[in-house]
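Participant: structure of the sequence below:
(2 chains)
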Amino acid sequence: MKAIVTVMLKNGVLDPQGKAIGHALGTLGFTGVGMVRAGKIIELELAQTDPVKAKAEAEDMARKLLANTVIESFQVSIDG
Amino acid sequence: MKAGIVVFPGINRERDMAIALETSSGVKPRMIWHKETDLSGLDLVVLPGGFSYGDYLRCGAMAARSPVMGAIRAHAERGGFILGVCNGFQILTEAGLLPGALLRNASLRFLSMDCHLRVERSDTVFTARYQKQRTFRAVMAHGDGNYFADTAALDRLEGEGLVAFRYASETGDVTPVTNRNGSARSIAGIYSPNLRVLGMMPHPEDLVDPLMGCADGKPLFDALVGAA
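Facilitator: Okay, the predicted model is just below:
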């Protein structure tokens, strides 16, 4: 079973990388781009076959390592 | 004071840290491999700078979960001294031994330059040889030194006198210009509530001998090794 953990900087935490990406998009001529935020996606192959338990496991991993909850928030989705 | 330096894979400032400690104490510090779990007999544990585990996931994230950290946490709990510099500071925040986090520099640039640190208090074991509100020179060498904590945590740090150093001009003025990495309230270093754990981004160990350009960092090590 695959768990997909999306980690993003919390709202209110400065994201200079997102800002730089937004700036570069403007340079390329893309107009109408508001705020840009950059994060990361972590895919986990889990032995667990129960999707509810798999999600709980992945959330525990996110809290303990994958995200730093001082600055980041995370979301877990289970993919078949 | 018996000192030890923790060596994580990817750390590269441990030798300079050892020289700084030995210059002040005359005693070679113990080098502690990250898999060791016995720190008994040590008064001071230093987490040096570098790029532990290649900065994978987040700076300091992997090191903060390595085997030695349980012993470091116990050392902190029994009131032992801990100094974390640069990556060492990042590791201390990732381990929850100091509040906040170090984000990417606001400019997105790696900063490699001298800076001046204003000493916010001189009544700690780390700063007893400095004068309050005066500055000393140190070396910045980091890409992720932008100190962040939420407003409540920042207010608590300031209210309890736990800000150790701020980025300043040579004369001690703290301005947006002197705050090169964008740190919240220009914070360059913080203490634990018992003032025995210090985390700081710039490197005091880089300037401990006139041959290095100046010895502004030496009083920090002199004070530390003289304390116990």
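Participant: C-alpha only now, for contacts and for neighbours.
Facilitator: Noted.
Participant: give me every residue that touches the closest residue to chain B within chain A.
Facilitator: As assessed by C-alpha to the nearest C-alpha, chain B sits closest to A:Pro16 within chain A, at 5.8 Å. With contact set as C-alpha atoms under 8 Å, 6 or more residues apart in numbering or on different chains, A:Pro16 has these partners: B:104-108.
Participant: of these, list those near chain A.
Facilitator: When C-alpha under 8 Å from any C-alpha of the partner chain is applied, the members of the contacts of A:Pro16 adjacent to chain A are B:104-108.
Participant: same list (those residues) but as CSV, adding secondary structure, pLDDT and neighbour count.
Facilitator: Listed next are the ones next to chain A among the contacts of A:Pro16 as CSV, based on DSSP: H, G, I helix; E, B strand; the rest coil; pLDDT from 0 to 100; neighbours: other C-alpha atoms under 10 Å in any protein chain shown:
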residue, secondary structure, pLDDT, neighbour count
B:Arg104, coil, 94, 22
B:Asn105, coil, 95, 23
B:Ala106, coil, 92, 19
B:Ser107, coil, 90, 15
B:Leu108, coil, 89, 16
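Participant: near chain A, which residues of chain B?
Facilitator: B:57, B:61, B:94, B:100-101, B:104-108, B:149.
Participant: any chance of CSV for those, columns distance to B:Arg129?
Facilitator: Formatted as CSV, the residues of chain B next to chain A follow (distance: C-alpha to C-alpha, whole Å):
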residue, distance to B:Arg129
B:Leu57, 38
B:Ala61, 33
B:Glu94, 29
B:Gly100, 27
B:Ala101, 28
B:Arg104, 32
B:Asn105, 30
B:Ala106, 32
B:Ser107, 33
B:Leu108, 34
B:Ala149, 29
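Participant: among the ones next to chain A among the contacts of A:Pro16, which two are most distant?
Facilitator: B:Arg104 and B:Ser107 (8.2 Å; C-alpha to C-alpha).
Participant: identify each buried residue in the helix or strand of chain A with the lowest mean pLDDT, please.
Facilitator: Within chain A, confidence by mean pLDDT, DSSP states H and E is lowest for helix A:16-27 among all helices and strands, at a mean of 93. Under the neighbour-count criterion of 16 or more other C-alpha atoms under 10 Å in any protein chain shown, helix A:16-27 has A:16-17, A:19-20, A:22 buried.
Participant: try stretch B:135-155
Facilitator: Those would be B:135-150, B:154, for stretch B:135-155 by 16+ other C-alpha under 10 Å.
Participant: got the contact list for whichever residue of chain B sits closest to chain A?
Facilitator: Going by C-alpha to the nearest C-alpha, chain A is nearest to B:Ala106 of chain B, at 5.8 Å. By C-alpha under 8 Å, 6+ apart, the contact set of B:Ala106 is A:14, A:16, B:146, B:181-182.
Participant: now B:Gly199
Facilitator: Per C-alpha under 8 Å, 6+ apart, neighbours of B:Gly199: B:83-86, B:88-89, B:92, B:98, B:189-191.
Participant: pull up the residues of chain A that are close to chain B.
Facilitator: A:14, A:16-17, A:65-66, A:68, A:70-71.
Participant: now, of those residues, which are buried?
Facilitator: A:14, A:16-17, A:65-66, A:68, A:70-71.
Participant: next, give me the two most distant ones among those residues.
Facilitator: Farthest pair in these, by C-alpha to C-alpha: A:Pro16 and A:Leu65, 22.7 Å.
Participant: name the residues that touch stretch B:69-82?
Facilitator: Stretch B:69-82 has contacts (C-alpha under 8 Å, 6+ apart) with B:37-39, B:42-47, B:63, B:95, B:97, B:194, B:196-198.
Participant: same question for stretch B:9-22.
Facilitator: So stretch B:9-22 is in contact with B:3, B:5-7, B:27-29, B:34, B:48-54, B:205-206, B:208, B:218, B:221, B:225, going by C-alpha under 8 Å, 6+ apart.
Participant: related to what we said a few turns ago, could the buried residues of helix A:16-27 go into a markdown table alongside distance to A:Asp60?
Facilitator: Formatted as a markdown table, the buried residues of helix A:16-27 follow (distance: C-alpha to C-alpha, whole Å):
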| residue | distance to A:Asp60 |
| --- | --- |
| A:Pro16 | 28 |
| A:Gln17 | 27 |
| A:Lys19 | 30 |
| A:Ala20 | 32 |
| A:Gly22 | 33 |
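Participant: pull the contacting residues for B:Met200.
Facilitator: By C-alpha under 8 Å, 6+ apart, the contact list for B:Met200 reads B:84-86, B:89, B:165, B:188-190.
Participant: circling back to that earlier point, and of the contacts of B:Ala106, the nearest to A:Gly29?
Facilitator: Using C-alpha to C-alpha, these come closest to A:Gly29 at A:Pro16, 20.2 Å.
Participant: gap between that closest one and B:Arg58?
Facilitator: 15 Å (C-alpha to C-alpha, to the nearest Å).
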